[in-house]
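>>> Mind looking at a prediction? Sequence and model below.
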Amino acid sequence: MKKTTSKRMFTFGLVLLILVLAACAPLYAPVYTVILLTSILMYMTIAVSWALFSGPTGYISLASAAFFGAGIYTSAILGKALPLPLVIVVGALASFCLALLVGALTLRLKGIYFVMFTFGLVELLLHFILWWEVTICGTTGRVVPPAGNATVFYAMLIILVILVLTVFIIRRSRYGLALFSIGENEEAAAHAGVHVTVLKIIIFAVSALFMGAAGAAMATRWTYIDPRIAFNPLISFMPVLMAIFGGIRPLYGPIIGAAIFTYLEEFLITRFPYYYMLIFGIIMVVAILYMPDGLVGLIQRLWKGISGRKHADT
Amino acid sequence: MLQIHNINTFYGKAQALYDLSLSVEASEIVALVGSNGAGKTTLLKTLSGLLRPASGRVVFLEKRIDGRPSYAVVEAGISHIPEGRRLFPDMSVRENLEMGAYLQRAWKQKGESLEEIYRLLPVLKAREGQLAGTLSGGEQQMVALGRGLMSKPRLCMIDEPSSGLAPVMVDEIFHIIEGLRDQGIAIFLVEQNVRHTLEIADRAYVIENGRIILAGKSEQLLSEELIRKAYLGL
């Protein structure tokens, strides 16, 4: 008992230290680093939100780009009229409502049908807005009023912290347990008294809420956006890969996965601009083949191996 | 406690239950026996809200529950321990049990309920942290029973608890079920193992092709010619 409390204190202290160091980054780090850190925070937010719903339930959603894009477009439309915090809140709510609607329509689908539909949603929104801009507005693309690098950085940091706290609270409540039970056996979950459909839709929407917030905040960094930038399918795939790479189940799995992946992408693009996708692909294949529980699982296994041997020696 | 009045249930166009009526009172074990495909599991699914009856009424503690969703039935005080156990295999024994206390009211008392279950089924205490999917068949059935009890039900509906278990294990499970009745929980036991079931049940119904063809006290049924021929092979 005592050991777990001291371990918990250590984890808490470590998280706090990283948080303080990160929060001060714009004060001492060069602009390039701040921009890279902002990208990392963005991918962390999307990967953690994705894992909040898809991790325990096993419903693999490829709609992340749709919810992220909804946030971006909210920012593009309201950016001039409203202050940034309000834009982010509206973007988050827009994604939340979109996900409620989509969830109510699709969460009766299972397995591959759900995956296909969620991916179709990204294309649907992309082409709908493209059509809208071409035929109704007459122009494609919009200018987003830019915000400073530090501002976007802090906005993303705050969004991520709120997200992590939310996921932490959900995971510890009975709803967290219920989400896992849905992934295990939906009918048995219903027998236990879980409102299966309602819970799925709400958690799906909560995960979309944070993706929308991230989209609304990040849009201010790109200054010009069009539907192809806003609804980039890569945003649907990356969080899935990051979460698998890091480990889906523990909360910090997707966080670690996102940090390593984003840095790796940046590193490979600058050093090997022609081969980076190839190298990326190879790393992913190796990760899926040899790390079924992700990086976190691998480390835990190695750690167990080491501490196990120590016990055997003494 | 539980009254079923003339229910008819369909699977698509095929009728599975015909004008079926029965009742279960507090502190008794009522058995429903019959062969495969007679409609036993269909009846349980109708009661627990997974299927909706086309007509008829189900009344539990003076409240109608027919056509209500599963969670409302659990909330009303009925727990359904499904056939094949339906555990959450990659969750620990403890997590499986806690899922049984998912409903608001039960969740607040889950600590005490857990202790009670561990007292009743000590083997689960020893297996607390193990993944449910790695347990033996008998232990899994105990987890299923324990999970069903975590919601503090007034009535437990148990579907085929003996299926796939060794005879010694079946004896133990049936003994536990008798213990539950003695604690005041009504039991609606659905079984194919007719002899064993009639030995512990107070009353029983025999179902065939979706209809109740025989009902009465267990001792009476045990000496009934039809039962002896069709189900006991005497």
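Noted; the coordinates are in hand. Residues are numbered from 1 along each chain as shown, chains lettered A, B, ... in the order given.
>>> can you give me the strands for the stretch 101-250 of chain A?
A:142-143, A:224-225 (DSSP state E, counting those that start in this stretch).
>>> again with chain B
B:2-11, B:14-24, B:29-33, B:55-60, B:63-64, B:78-81, B:155-159, B:186-191, B:203-208, B:211-217 (DSSP state E).
>>> Please identify the deepest-packed of the ones you listed.
Mean neighbour count (mean count of other CB atoms under 10 Å in any protein chain shown) peaks for strand B:78-81 among the strands of chain B, with a mean of 27. Yep, even glycine has a C-beta here, placed from its N, CA and C like the rest.
>>> could you say what helices and strands whichever strand or helix holds A:Gly55 packs with?
Counting by DSSP states H and E, the element that carries A:Gly55 is helix A:31-57. For helix A:31-57, the packing partners by 3 or more CB pairs under 8 Å, 6 or more residues apart in numbering or on different chains; DSSP states H and E come out as helix A:25-28, helix A:64-78, helix A:149-172, helix A:174-184, helix A:196-222, helix A:234-246, helix A:252-271.
>>> Please give me every residue in contact with residue 127.
No chain was given, so I picked chain A. Residues near A:His127 by CB atoms under 8 Å, 6 or more residues apart in numbering or on different chains: A:Pro227.
>>> I was thinking of chain B, sorry if that wasn't clear
B:93, B:135, B:139.
>>> now B:Ser23: how far from chain A?
23 Å (CB to the nearest CB, to the nearest Å).
>>> now the worst-scoring helix or strand of chain B on mean pLDDT, how far from the chain's geometric center?
The helix or strand of chain B with the lowest confidence, counting by mean pLDDT, DSSP states H and E, is helix B:225-230 at a mean of 74. Chain-centre distance of helix B:225-230: 24 Å, with CA atoms, centre = their mean, to the nearest Å.
>>> One more: stretch A:260-274?
Distance, centroid of stretch A:260-274 to centroid of chain: 19 Å (CA atoms, centre = their mean).
>>> pLDDT of it, averaged?
Mean per-residue pLDDT for stretch A:260-274: 87.
>>> what comes up buried for that stretch?
A:260-262, A:265-266, A:268 (16 or more other CB atoms under 10 Å in any protein chain shown).
>>> could you dump the strands of the stretch 101-250 of chain A to CSV with distance to chain B, mean neighbour count and mean pLDDT?
Converted to CSV, the strands of the stretch 101-250 of chain A look like this (distance: least, CB to the nearest CB, whole Å; neighbours: other CB atoms under 10 Å in any protein chain shown; pLDDT from 0 to 100):
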stretch, distance to chain B, mean neighbour count, mean pLDDT
strand A:142-143, 45, 16, 86
strand A:224-225, 42, 16, 88
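>>> which of the contacts of B:Arg127 lies closest to chain A?
Of all those, B:Val93 has the smallest distance to chain A: 13.3 Å, by CB to the nearest CB.
>>> Other residues contacting stretch A:89-104?
Contacts of stretch A:89-104 (CB under 8 Å, 6+ apart): A:63, A:66-68, A:70-72, A:74-75, A:78, A:82, A:118, A:121, A:200-202, A:204-213, A:215-217.
>>> Averaged pLDDT, it. What do you get?
Here the average pLDDT along stretch A:89-104 is 95.
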